[in-house]
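K.L.:
Sequence and predicted model, in that order:
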Amino acid sequence: MPQETLAYIFHQRTPSESRITMTIDVRQELQKLISFDTVSDAKAGKHPSQECPRHINAKLEQFGFITDLLESDGIWTSFARRGQGRFKVLFLAHYDVVPIGEGWKSDPFKLVEEGDKATGRGSCDDKGNIVSLISLAEKLSTIDPPFTVMLAVTGDEEIGGEKGAGHLKQFLMKQGLFPNYVVVADGINQMVIHRRRNVLPTNIKVKRAASKVKGRRETVRFVTETLGTETRHSAYFRPGVDRHAMLAASKYLSMHQHALVSGLRGGFVKSNVIPQWVELDVVHTDEPGEEVECDRSLTSLLRSLLTLAHASFPTKHSDLGTFVSPNLLSLDSNLWTLYCDVRAMTDDRDAVRSAFETALRDKVELYSLQVEPGSGYVDSKVDSRLIRSAIWALRKEGIDYLVGEGYGASDSRYFTDPAVQVFDFGPRGDNVHGPNEWVSLTSIEQNAAFFRTLLDVLSSEGPPSGSPSRGSSRP
């Protein structure tokens with residue numbers, strides 16, 4: 001595509017205007033967003049209030065956007081739109097964050113800066129992205145785009161997204177605003193994410209089976225270790241490289257066949273977070289010692305975790321593989337409930353359940369085993385107009401980028417309709433869902449410029465072709 005065609009299609013920007021530095025203060029905007037306690041914790045019944053989405057709407061109204069505050073069962077979504085014309089594009093982020101967890105070196109709700117690195121809960125996932133969208137709104141404030149651009153920020157992505165993105169989808173359909181293009185501003189390290197595995201929530205229940213035994217008592221502690229990052233998000237775990245505390249405990253019990261579990265504690269946080277540590281109180285019944293009450297059902301369940309993690313079922317190919325992550329364990333009304341975060345390129349819950357039942361057969365006496373289908377997996381075509389336009393825009397902005405599969409799930413799974421083109425994208429950062437989460441401030445600014453240029457490319461006549469002179473793809 002000739003560069004002059006790109007520059008003048010709906011906003012006659014001169015070369016100098018295309019590089020306008022944002023006037024909003026990235027640090028101040030991110031600092032304000034971080035200060036909102038927007039933790040989503042389904043187990044504790046905690047949901048963010050209206051305060052943060054109302055703040056976002058107020059910012060977007062300053063730049064000429066029409067806003068709405070959507071609500072579904074106490075979950076609030078900021079929604080804003082401008083323009084009308086040939087197509088509709090939705091930029092989607094989320095303001096809710098995971099629980100704090102352990103290991104923070106500073107107050108998680110206060111932004112701490114070290115050069116370009118800004119630390120705080122949600123800085124990378126996903127409030128840095130919200131700042132990029134606010135900046136995009138500012139960049140669009142002086143024009144009248146010949147298409148509809150929509151900005152939405154939901155409040156329950158971390159607990160499934162049904163009342164946020166799911167409700168938003170229904171709202172857009174009813175209002176005649178269902179998008180042609182969706183950019184989910186929820187990714188990491190400036191990767192164009194066109195594939196994501198499904199999450200199939202799995203709950204396994206067994207009855208407590210207490211009995212008195214004699215033997216030597218021991219407390220054994222197991223710690224999760226991940227290579228090169230502090231994140232404990234189970235989507236980022238790579239078997240064979242990283243160490244999962246619960247799976248390490250399972251191996252220990254498999255190696256000590258005469259050991260029974262009398263007690264268990266762990267750093268259990270939420271469904272998609274691997275516990276940082278697990279402690280087992282065990283009794284070695286093949287050695288002399290005092291009488292202790294143990295739980296044979298719990299022991300059998302824990303001993304079978306490695307077998308469960310290796311269960312095989314049909315899936316499409318995933319560069320990140322299939323992973324079964326045992327993340328939560330609790331006792332209620334004499335029933336142990338194990339939650340497993342299952343990541344795979346499938347939505348066939350019956351096949352997954354059958355594989356788990358086979359893996360646990362003759363090892364564990366099940367009370368129940370329930371596998372949810374999840375919201376689906378994402379598998380967008382790299383040669384779609386949206387993704388080709390994104391690559392063109394990234395090169396135009398001189399941003400080193402990657403194209404590939406994302407680790408975690410996102411709200412993009414609610415927009416996998418064949419009529420919609422979608423990808424995820426986010427700033428540089430790390431320790432998502434872990435302690436000391438951080439984001440690159442520079443990348444927030446870069447992403448806002450990228451989103452603006454992407455709209456230029458999408459509004460052009462015909463598909464992008466060739467390559468602008470600047471920018472590259474990382475190997």
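P.N.:
All right, it came through fine.
K.L.:
what about residue 136, is that helix, strand or coil?
P.N.:
Here residue 136 is helix, with the state taken from DSSP: H, G, I helix; E, B strand; the rest coil.
K.L.:
Tell me who's in contact with it.
P.N.:
Residue 136 makes contact with 91, 151, 448, 451, 452, according to CB atoms under 8 Å, 6 or more residues apart in numbering. Placement of C-beta: from N, CA and C, glycine included.
K.L.:
just residue 329 next, same as before
P.N.:
246, 264, 266, 268, 336, 337, 338, 339.
K.L.:
hang on, the earlier thing: name the nearest of the contacts of residue 136 relative to residue 363.
P.N.:
Nearest to residue 363 among the contacts of residue 136: residue 91, at 47.7 Å, using CB to CB.
K.L.:
Next up, the contacts around that closest one.
P.N.:
Counting by CB under 8 Å, 6+ apart, residue 91 makes contact with 133, 136, 149, 150, 151, 152, 183, 185, 451.
K.L.:
Hmm, the fourth one is touching residue 93, no?
P.N.:
Spelled out, it's residue 150. No: assessed by CB atoms under 8 Å, residue 150 is found out of contact with residue 93, at 11.8 Å.
K.L.:
So which of the two has more stuff around it?
P.N.:
Neighbours per residue, other CB atoms under 10 Å: of residue 150 and residue 93, the larger number sits with residue 93, 28 against 21.
K.L.:
Downstream of the strand or helix carrying that one, the next helix or strand is which one?
P.N.:
Assigned by DSSP states H and E, residue 93 falls within strand 88-94. For strand 88-94, the following helix or strand on the C-terminal side (DSSP H and E) is strand 112-114.
K.L.:
for whichever helix or strand comes after that following strand, packing partners?
P.N.:
The helix or strand immediately downstream of strand 112-114 is strand 117-119, counting by DSSP H and E. Helices and strands touching strand 117-119, as assessed by 3 or more CB pairs under 8 Å, 6 or more residues apart in numbering; DSSP states H and E, comprise strand 112-114, strand 438-440.
K.L.:
Rebuild the ones you listed as a markdown table, extending it with mean neighbour count.
P.N.:
Shown next, in a markdown table, are the helices and strands packed on strand 117-119 (neighbours: other CB atoms under 10 Å):
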| stretch | mean neighbour count |
| --- | --- |
| strand 112-114 | 13 |
| strand 438-440 | 26 |
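K.L.:
Nearest to residue 144, out of those?
P.N.:
strand 438-440 (32.2 Å).
K.L.:
C-terminal to that closest one, what's the next element?
P.N.:
Strand 438-440 is succeeded, C-terminally, by helix 441-458 (DSSP H and E).
K.L.:
now for that following helix, which elements pack on it?
P.N.:
The contact analysis (3+ CB pairs under 8 Å, 6+ apart) places helix 441-458 against helix 3-7, helix 26-35, strand 88-94, helix 128-140, strand 181-184, helix 385-396.
K.L.:
who does the last one touch, helix- and strand-wise?
P.N.:
When contacts are defined as 3+ CB pairs under 8 Å, 6+ apart, helix 385-396 sits against strand 181-184, strand 191-196, strand 421-424, helix 441-458.
K.L.:
Let me see the mean pLDDT of it.
P.N.:
Mean pLDDT, helix 385-396: 96.
K.L.:
any idea of the angle it forms with strand 191-196?
P.N.:
160 degrees (axes from the mean of the first three to the mean of the last three CA atoms, to 10 degrees).
K.L.:
still on that earlier bit, for residue 190, find the nearest of the helices and strands packed on strand 117-119.
P.N.:
Nearest to residue 190 among these is strand 438-440; the distance by CB to CB comes to 9.1 Å.
K.L.:
Show me what the closest one packs onto, helices and strands only.
P.N.:
Using 3+ CB pairs under 8 Å, 6+ apart: strand 438-440 touches strand 117-119, strand 429-430.
K.L.:
Break this protein down into its domains, please.
P.N.:
When the chain is parsed with automatic domain parsing, its domains come out as 3-197+377-458, 200-371.
K.L.:
Quickly compare these and say which is most buried.
P.N.:
domain 3-197+377-458 (a mean of 20; mean count of other CB atoms under 10 Å).
K.L.:
doesn't residue 60 fall inside a helix?
P.N.:
Yes: per three-state DSSP, residue 60 lies within a helix segment.
K.L.:
Could you double-check that it sits in contact with residue 137?
P.N.:
Yes: look at residue 60 against residue 137 with CB under 8 Å: they come within range, at 5.1 Å.
K.L.:
before we move on, the earlier item: quick one: strands adjacent to the strand holding residue 93?
P.N.:
Its sheet considered, strand 88-94 pairs with strand 148-154 (parallel), strand 181-184 (parallel) by DSSP bridges.
K.L.:
closest to residue 215 out of these?
P.N.:
When those are compared by CB to CB, strand 148-154 sits nearest residue 215, at 51.6 Å.
K.L.:
returning to that earlier point: between the strands paired with strand 88-94, which one is closest to residue 201.
P.N.:
Among these, strand 148-154 sits nearest to residue 201 (CB to CB), with 18.7 Å.
K.L.:
Next secondary structure after that closest one?
P.N.:
Next helix or strand after strand 148-154 toward the C-terminus (DSSP H and E): helix 167-174.
K.L.:
List the contacts of that following helix.
P.N.:
Here helix 167-174 has contacts from 70, 72, 75, 77, 79, 90, 92, 150, 152, 154, 177-179, 414-415, using CB under 8 Å, 6+ apart.
K.L.:
mean confidence for it?
P.N.:
In the prediction, helix 167-174 has an average pLDDT of 97.
K.L.:
hang on, the earlier thing: shared neighbours of residue 60 and residue 137, anything?
P.N.:
80, 151.
K.L.:
The stretch 251-400 of the chain: strands as residue ranges?
P.N.:
Applying DSSP state E, counting those that start in this stretch to the stretch 251-400 of the chain gives strands spanning 259-266, 277-284, 290-295, 323-332, 335-344, 368-371, 378-379.
K.L.:
Same list, those strands, but as CSV with distance to residue 160 and mean pLDDT please.
P.N.:
Shown next, in CSV, are these (distance: least, CB to CB, whole Å; pLDDT from 0 to 100):
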stretch, distance to residue 160, mean pLDDT
strand 259-266, 23, 97
strand 277-284, 25, 98
strand 290-295, 31, 97
strand 323-332, 14, 97
strand 335-344, 12, 97
strand 368-371, 15, 98
strand 378-379, 15, 94
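K.L.:
Redo these as a markdown table? Include distance to residue 219.
P.N.:
As requested, the strands of the stretch 251-400 of the chain are exported to a markdown table (distance: least, CB to CB, whole Å):
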| stretch | distance to residue 219 |
| --- | --- |
| strand 259-266 | 8 |
| strand 277-284 | 5 |
| strand 290-295 | 12 |
| strand 323-332 | 17 |
| strand 335-344 | 19 |
| strand 368-371 | 30 |
| strand 378-379 | 43 |
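K.L.:
who wins for proximity to residue 357 among these?
P.N.:
Short answer: strand 368-371, nearest of the strands of the stretch 251-400 of the chain by CB to CB, at 6.3 Å.
K.L.:
distance between that closest one and the chain's centre?
P.N.:
Between the centre of strand 368-371 and the centre of its host chain there is 24 Å, according to CA atoms, centre = their mean, to the nearest Å.
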